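**Q** Sequence and predicted structure below; questions after.
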Amino acid sequence: MAAVTLGPEGTYSHRATSAIADNGEIDFRQSVTAIVDAVAAGEYDRGVIPIENSIEGSVTESLDAIADYDVAVVREIVTPIRHALLAQGPSFDTVASHSQALAQCRTYLEREYPDATLEAVASTAQGVEFARDDPSMAGIGHPANAEDGVDLEVLAEDIQDQDSNATRFFAIAPAAERSTGGGKTSLVVYPNANYPGLLLELLEPFADRDINLTRVESRPSGERLGDYVFHVDFEAGLYESRTQEAIGDLEELAENGWVRRLGSYDTEHVVE
Ligand SMILES: O=C(O)C(=O)C[C@]1(C(=O)O)C=C[C@@H](O)C=C1
């Protein structure tokens, strides 16, 4: 199975992909949108993208990409994120990492390196590559990146603001692989309407059928200010009649917009 994820080698996305790629080939892209684009075009069987972090919240580029492209979500992968600070030595003036990782280590960086310049780069592993090439830079990423090629020093481990730091990834597939089986389902709803009580009406079909929502996130539709697309995740499969009924209600409410079924899936917890 050929899979694609955020590169270069050694990102957390790469680690999550290894857990589902069955020793198949893994290729890399520099952005989430490029990954979703490649899977939608049928170039890969699977793509793995970060969706949500327990400290920093949504990875908004991922939410927008799965709303914009026709792909299926076939699995969710939850993995702990334990960051290390890696450099050639203790004298550096710039810390480079993915914006999510820099934000997850905000308290540590403000306390220990208040004068360092923070540089957001495409991924954690990319930041570590910069540190490998340049003694004035440090990177934040998984500690295993220190051993790859020229050794880097692990200056500190477990520098994330919360010990329980975890990120949720989606495994995506070409749209034809959308499944109705699984314990969870994700939808994207664009009501294209704005009136008092709209959000309440969108949630009632789930409450009425005893379906537990696990996440509701709004993203700007891009059409006009104050107009939103809603990402809704819940604990039921598309195969269930209560889910089909709830989606039927949503489709009536969104008669001027659309409801996209991303698919049903199960969760995998990856600890390493
Ligand atoms: O840069 C990486 O290593 C990634 O896989 C991206 C990413 C993210 O976008 O959230 C994944 C997990 C961590 O939360 C930090 C960064």
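**A** Cool, the structure landed. From a predicted model like this one, the values you see are computed outputs, not experimental measurements.

**Q** The stretch 151-272 of the chain: helices as residue ranges?
**A** Here the stretch 151-272 of the chain has its helices, by DSSP state H, counting those that start in this stretch, at 198-208, 241-253.

**Q** ignore the last one, the stretch 1-150 of the chain
**A** Under DSSP H, counting those that start in this stretch, the stretch 1-150 of the chain gives helices at 12-18, 32-40, 60-68, 99-104, 106-112, 124-133.

**Q** re earlier: can you tell which of the helices of the stretch 151-272 of the chain is closest to the ligand?
**A** Ranking the helices of the stretch 151-272 of the chain by proximity to the ligand (CB to the nearest ligand atom) places helix 198-208 first, at 26.9 Å. (Each C-beta comes from the backbone N, C-alpha and C, glycine too.)

**Q** what's the span of stretch 60-74 from first residue to last?
**A** Taking CA to CA, to the nearest Å, stretch 60-74 runs 19 Å from one end to the other.

**Q** now the helices of the stretch 151-272 of the chain as JSON lines including mean pLDDT?
**A** As requested, the helices of the stretch 151-272 of the chain are arranged in JSON lines below (pLDDT from 0 to 100):
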{"stretch": "helix 198-208", "mean pLDDT": "97"}
{"stretch": "helix 241-253", "mean pLDDT": "98"}
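
**Q** Adding mean neighbour count and distance to the ligand, write these out as CSV.
**A** Output for the helices of the stretch 151-272 of the chain, formatted as CSV (neighbours: other CB atoms under 10 Å; distance: least, CB to the nearest ligand atom, whole Å):
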stretch, mean neighbour count, distance to the ligand
helix 198-208, 15, 27
helix 241-253, 16, 29
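
**Q** As TSV, these with distance to residue 10 would be great.
**A** Below are these laid out as TSV (distance: least, CB to CB, whole Å):
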stretch	distance to residue 10
helix 198-208	39
helix 241-253	38
